[in-house]
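Undergrad: Provided below are the primary sequence and the corresponding predicted coordinates.
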Amino acid sequence: QSAKFPNGEAANPVYQSKEADCRAAFDKFVLGKTVAGVETYWQQQIFSGREVPPPSRVGDERVIAFVKSTPGGIGYVSVGAPVVGVKVVPIR
């Protein structure tokens, strides 16, 4: 719920596509919502002029590429994704 990391750097999140299995799992277990519930939240934010959702990428490889190339990039990938060149923080 913070837009910055402890060092003050802005966090730049990226979502997986709506069709990704890991997106449904992330939304359920981390955000406590369904994919549709998260989409509804963002539609409300856009309509009220408050915020826009983070960008989304299709596939683990594109999420990893975004995180590597974006200062403060943070995302999530499928279990077992070949993650190289970024810090991994497991969610349990």
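TA: Okay, I see it. Numbers count the residues shown, from 1 in each chain.

Undergrad: buried residues, the longest helix anywhere in the chain. List them.
TA: Secondary structure assigned by DSSP state H gives helix 35-47 as the longest helix of the chain. Using 16 or more other C-beta atoms under 10 Å as the test for burial, helix 35-47 gives 35, 38. Any C-beta I mention is one placed from the backbone N, CA and C, and that applies to glycine too.

Undergrad: what is the following helix or strand past that helix packed up against?
TA: Later in the chain than helix 35-47, the nearest helix or strand by DSSP states H and E is strand 56-57. If you count contacts as 3 or more C-beta pairs under 8 Å, 6 or more residues apart in numbering; DSSP states H and E, strand 56-57 packs onto strand 15-16, helix 60-69.

Undergrad: residue most distant from the centroid, the chain?
TA: residue 48 (21.8 Å; C-alpha atoms, centre = their mean).

Undergrad: look up how far residue 83 lies from it.
TA: Distance, residue 48 to residue 83, using C-beta to C-beta, to the nearest Å: 36 Å.

Undergrad: and residue 17, how far from residue 6?
TA: Distance from residue 17 to residue 6, by C-beta to C-beta: 29 Å.

Undergrad: more neighbours, the two?
TA: residue 17 (14 against 6; other C-beta atoms under 10 Å).

Undergrad: for the residue nearest to the more buried one when sequence neighbours are not counted, give me its contacts.
TA: Sequence neighbours aside, residue 58 is the residue nearest to residue 17 in space, at 4.5 Å (criterion: C-beta to C-beta, 6 or more residues apart in numbering). By C-beta atoms under 8 Å, 6 or more residues apart in numbering, the contact list for residue 58 reads 16-17, 20.
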